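Undergrad: sequence-free structure coming up:
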């Protein structure tokens, strides 16, 4: 049993390592918060709970997108049904706004230039951060993508080359949902393929 578990862990590590080979420079929506040393354990323990809260918001947003796409067809064919669905949708949205208005996990995001892969992220920051420190990250790969909550450990901090008053921070994801890691990998590969095609046709 231990050998089987070790093999699964090894396979997972190898998969993450392979995916980390794909990195791109990108401009994404990002917020970050340095976690004080005395709060790290408590914050990391709450990751599943906090991530579930954010996933609920993501699921609601995804469902709304699907319904919006389908609603145009219903409105053309069945206008009376469309009126009823509009009233029902308004009620649901009212409840949703009340539900999520106090959601502490909704991030205040700003655009950041980053280098990102499925295993980590680097970016310029105004302050020097100590190696080994933990950071809470909330991000969107685009304005229409889902929110991602992740925690990571700082593995690199050095003076930024082209920005005298900034530091380049390198961070390794330590706590991230498997689906979110896959979403980052898919995003990175898609961007990379697009860049290759643009270079080939230039």
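TA: Perfect, thanks for sending it. Everything numeric here is computed off the predicted structure, so don't read it as measured data.
Undergrad: ok, residue 145 - contacts?
TA: 183, 187 (Cβ atoms under 8 Å, 6 or more residues apart in numbering). For glycine as for every other residue, the C-beta is placed from the backbone atoms N, C-alpha and C.
Undergrad: go on, residue 75?
TA: Taking Cβ under 8 Å, 6+ apart as the test, what residue 75 contacts is residue 82.
Undergrad: what are the bridge partners for the residue sitting nearest the centre point of the chain, then?
TA: The centroid of the chain falls nearest to residue 148 when counting by Cα atoms, centre = their mean (2.6 Å). Beta-bridge pairing of residue 148 under DSSP bridges involves residue 139.
Undergrad: if I look at it, how far off is residue 113?
TA: 17 Å (Cβ to Cβ, to the nearest Å).
Undergrad: could you do residue 158 as well?
TA: 17 Å.
Undergrad: show me where the chain has helices.
TA: 2-20, 40-45, 47-77, 79-100, 178-201 (DSSP state H).
Undergrad: report the rounded mean pLDDT for the fourth one.
TA: In this model, helix 79-100 has a mean pLDDT of 70.
Undergrad: ok, the first one next?
TA: Over the span of helix 2-20, the pLDDT mean works out to 49.
Undergrad: what do you get for stretch 154-167?
TA: 89.
Undergrad: next one: stretch 176-189
TA: 92.
Undergrad: check which residues of it are buried.
TA: For stretch 176-189, the neighbour count (16 or more other Cβ atoms under 10 Å) marks 176, 177, 180, 181, 183, 184, 185, 187, 188 as buried.
Undergrad: find the nearest non-adjacent residue to the third one, please.
TA: The shortest distance from residue 180 to any residue that is not its chain neighbour, by Cβ to Cβ, 6 or more residues apart in numbering, is 4.5 Å, and that residue is residue 148.
Undergrad: quick one: contacts for that neighbour?
TA: Contacts of residue 148 by Cβ under 8 Å, 6+ apart are 137, 138, 139, 140, 141, 176, 177, 180, 183, 184.
Undergrad: repeat the analysis, applying 10 Å as the threshold.
TA: Applying Cβ atoms under 10 Å, 6 or more residues apart in numbering to residue 148 gives the contacts 28-30, 51, 54-55, 58, 107, 137-141, 173, 176-177, 179-181, 183-184.
Undergrad: burial count for residue 192?
TA: The number of residues packed around residue 192, counting by other Cβ atoms under 10 Å, is 13.
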